[in-house]
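J.: Build me a model:
(one chain, ligands or ions: 2)
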Amino acid sequence: MTGGTASPTLSPVQRSESFIVSLAARQTIAEASATSFGGVAAAAAATASGAVITQNFSASFNGFVVSSLSAEGLLALAQNPEVISVEPDRTLITSQIETRNSRGRWKAAGRKLHWHKRRSVLQHQDILSAPIQSTPTGVARVGGPVSGKMTAAIAVLDTGVGPHPDLNIQPGYSCLRDGEGTDDDSSEGHGTHIAGSAAAMDNDYGVIGVSPGAPIIPVKVADSDGAASMSSVLCGIEWVLQNRAAAVINLSLDGAATAADLMECNGAEPTSVLHQAICNANSQGVVVTSSAGNDANLTSLHIPSTYPEVISAGSLTDYDGQPGGIAPATGCGNIHGGPDDSYSPFSNYGNGTSLLAPGVCINSTVPASVDSSGYAVLSGTSMAAGHLAGAVAALKSLSPDMEPADIKSFVISGPPSADECSSQALEQPSKPHDGPSYTVLDTSCIH
Ligand SMILES: [Ca+2]
Ligand SMILES: [Ca+2]
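T.: Ligands and ions are numbered 1, 2, ... in the order given. Model prediction:
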């Protein structure tokens with residue numbers, strides 16, 4: 001719903017419990033509270049609706065989240081000239097589809113390790129046996145871990161991350177306000193698994209990520225079922241930008257695109273608040289990566305992957321960490337990944353898909369509450385995004401001043417022409433759907 005004089009349709013949005021209000025850029029939050037919203041608040045009070053501002057935003061976008069808004073208050077807000085848009089809060093879900101625990105797979109158990117911190121429910125698991133470090137197929141398939149000091153932090157806006165000793169987890173933030181902190185309490189270990197593909201540490205146990213040991217900033221925006229409200233996702237982006245907490249934000253989340261989502265940032269017609277927030281993150285040098293989604297349909301119908309300012313990963317099926325398509329399609333669990341080195345059948349495709357990265361039968365870190373070994377196999381475009389986020393963090397670590405648009409160009413098309421790597425032939429696997437082909441993530445020219 002846009003502001004101005006147009007009469008909004010109230011029926012669809014009245015079902016929302018809260019609304020996200022975007023204000024004109026020149027308007028500060030204080031001014032909004034004192035003037036524009038004061039008028040609305042008065043209207044709300046007049047109808048005894050008890051509208052409450054629950055979150056304020058200034059770094060990701062200019063605006064607030066309001067709850068308990070009456071129909072009259074909503075109408076007044078939408079017609080307020082300082083209000084750019086009012087959109088109902090909506091829900092995104094995590095983009096992971098399959099799991100298989102790795103319990104029992106690791107017979108060459110090596111050293112013992114301690115979890116650095118434990119949730120109370122894990123306290124009986126004081127010491128765990130961990131496997132000797134191996135390079136997961138997905139990390140090998142994209143060219144292996146990048147060498148160098150990985151200093152660029154990755155904010156994983158997800159179900160939480162860890163605890164996990166094979167990850168360099170730094171203090172983060174929970175937008176859920178559930179008192180549970182930033183540990184990953186999802187049944188699959190979704191956020192933790194993504195963090196491992198991106199940045200598991202190079203040590204003598206477990207796995208190694210694309211950007212080994214890069215700081216992981218857990219930002220919990222999704223509940224244990226993998227559902228994230230739009231306001232929580234915005235809260236996470238706001239926190240990262242306010243605190244300059246990370247160089248990369250990964251959103252392995254998927255929601256349905258609306259007409260507003262397809263509008264340009266800062267254009268004549270307002271775009272969605274999430275889109276504007278991601279553009280604003282870009283303008284502050286923060287790269288946003290995402291999953292294309294697992295619906296086997298058009299990426300352009302999904303957020304955040306449809307936004308041009310996001311780098312989004314579709315899923316490549318690979319079973320052996322090597323190109324060539326010679327590995328048997330044994331798969332894992334019940335996943336139908338299709339043949340080796342092909343576009344995964346479940347992956348979204350088409351415009352908005354930036355590139356492909358491995359997303360089938362990926363072994364990575366999970367909390368001990370998911371698997372006592374600390375490692376498990378998952379599939380989905382979420383996992384593809386984990387590899388992509390790691391590659392972007394490696395680029396930002398080695399070239400801190402590189403702009404988000406240049407990083408997107410690099411990971412899709414290879415380095416600039418002046419680079420010694422520029423003549424590399426970027427692999428384009430056959431496509432199962434109508435539409436363009438995509439290159440496969442390749443770390444070999446990140447140095
Ligand atoms: Ca490791
Ligand atoms: Ca292969």
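J.: Can you show me the helices along the stretch 201-350 of the chain?
T.: In the stretch 201-350 of the chain, the segments counted as helices under DSSP state H, counting those that start in this stretch are 230-242, 273-283.
J.: could I get these as TSV with mean neighbour count, mean pLDDT and distance to Glu17?
T.: No exception for glycine: its C-beta is placed from N, CA and C like everyone else's. As requested, these are arranged in TSV below (neighbours: other CB atoms under 10 Å; pLDDT from 0 to 100; distance: least, CB to CB, whole Å):
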stretch	mean neighbour count	mean pLDDT	distance to Glu17
helix 230-242	24	97	10
helix 273-283	24	97	16
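J.: So which of those helices is nearest ligand 1?
T.: Minimum separation from ligand 1 across those (CB to the ion) falls at helix 230-242, 25.4 Å.
J.: Point out the other elements, helices or strands, that the closest one touches.
T.: For helix 230-242, the contact count by 3 or more CB pairs under 8 Å, 6 or more residues apart in numbering; DSSP states H and E identifies strand 18-23, strand 52-57, strand 91-94, strand 154-158, strand 216-220, strand 248-251, helix 273-283 as packing neighbours.
J.: Could you export these to JSON lines, including columns for distance to ligand 1?
T.: JSON lines is the format used below for the helices and strands packed on helix 230-242 (distance: least, CB to the ion, whole Å):
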{"stretch": "strand 18-23", "distance to ligand 1": "40"}
{"stretch": "strand 52-57", "distance to ligand 1": "37"}
{"stretch": "strand 91-94", "distance to ligand 1": "24"}
{"stretch": "strand 154-158", "distance to ligand 1": "16"}
{"stretch": "strand 216-220", "distance to ligand 1": "13"}
{"stretch": "strand 248-251", "distance to ligand 1": "19"}
{"stretch": "helix 273-283", "distance to ligand 1": "29"}
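J.: Pick out the residue of the stretch 1-150 of the chain closest to ligand 2.
T.: Residue of the stretch 1-150 of the chain nearest ligand 2, by CB to the ion: Arg141 (6.5 Å).
J.: Can you give me the pLDDT of that residue?
T.: Arg141 is assigned a predicted lDDT (pLDDT) of 97.
J.: That one and Gly324 touch, don't they?
T.: No: here Arg141 lies out of contact with Gly324, judged by CB atoms under 8 Å, at a distance of 10.8 Å.
J.: between those two, who's got more neighbours?
T.: More neighbours sit around Arg141 than around the other of Arg141 and Gly324, counting by other CB atoms under 10 Å; the figures are 25 against 9.
J.: Spit out the contact partners of that one.
T.: When contacts are counted by CB atoms under 8 Å, 6 or more residues apart in numbering, Arg141 touches Leu316, Asp318, Gly321, Gln322, Pro323, Pro358, Val440.
J.: What's the PyMOL syntax to select whichever of those are buried?
T.: For anyone working in PyMOL, the buried entries among the contacts of Arg141, judged by 16 or more other CB atoms under 10 Å, can be selected with:
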select buried, resi 316+318+321+358+440
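J.: from the stretch 201-350 of the chain, which residue is nearest to ligand 1?
T.: Using CB to the ion, the single residue of the stretch 201-350 of the chain nearest to ligand 1 is Gly206, 3.9 Å away.
J.: What's the local residue count around that residue?
T.: Other residues within reach of Gly206 by the criterion other CB under 10 Å amount to 28.
J.: Looking at the stretch 251-400 of the chain, which residue is nearest ligand 1?
T.: For the stretch 251-400 of the chain, the nearest residue to ligand 1 under the criterion CB to the ion is Thr365, separated by 8.5 Å.
J.: again with the stretch 1-150 of the chain
T.: With distances taken as CB to the ion, the stretch 1-150 of the chain approaches ligand 1 most closely at Gln133, which sits 4.6 Å away.
J.: Look at the nearest residue to the residue of the stretch 251-400 of the chain closest to ligand 1 once chain neighbours are set aside and tell me its secondary structure.
T.: Distances taken as CB to CB, 6 or more residues apart in numbering put Gly196 closest to Thr365, at 3.2 Å, once the chain neighbours are dropped. In three-state terms, and counting by DSSP: H, G, I helix; E, B strand; the rest coil, Gly196 is helix.
J.: my guess is Gly196 contacts Pro165, does it?
T.: No: the pair Gly196 and Pro165 fails to qualify as a contact (CB under 8 Å) at a distance of 11.4 Å.
J.: Just want to know which of those two has more residues nearby.
T.: Regarding Gly196 and Pro165, a neighbour count based on other CB under 10 Å identifies Gly196 as having more, with 35 against 21.
J.: can you pull the contacts of that one?
T.: Gly196 makes contacts with His164, Asp166, Leu167, Gly206, Val207, Gly209, Ser364, Thr365, Val366, Tyr375, Gly386, as judged by CB under 8 Å, 6+ apart.
J.: Dump these into TSV; add secondary structure as well.
T.: Shown next, in TSV, are the contacts of Gly196 (three-state DSSP):
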residue	secondary structure
His164	coil
Asp166	coil
Leu167	coil
Gly206	coil
Val207	strand
Gly209	coil
Ser364	strand
Thr365	strand
Val366	coil
Tyr375	strand
Gly386	helix
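J.: And the furthest pair within those?
T.: Spatially, the most separated pair among the contacts of Gly196 is Gly206 and Gly386, at 14.8 Å (CB to CB).
J.: so how many other residues sit close to the residue nearest to Asp320 when sequence neighbours are not counted?
T.: Distances taken as CB to CB, 6+ apart put Ala327 closest to Asp320, at 3.7 Å, once the chain neighbours are dropped. By other CB under 10 Å, the residues close to Ala327 number 16.
J.: Ok, Gln170 next?
T.: Other residues within reach of Gln170, judged by other CB under 10 Å, total 17.
J.: do you know how far it is from ligand 1?
T.: Using CB to the ion, to the nearest Å, Gln170 is found at 17 Å from ligand 1.
J.: so how far is stretch 204-221 from its chain's centroid?
T.: For stretch 204-221, the separation from the chain centroid amounts to 14 Å (computed by CA atoms, centre = their mean, to the nearest Å).
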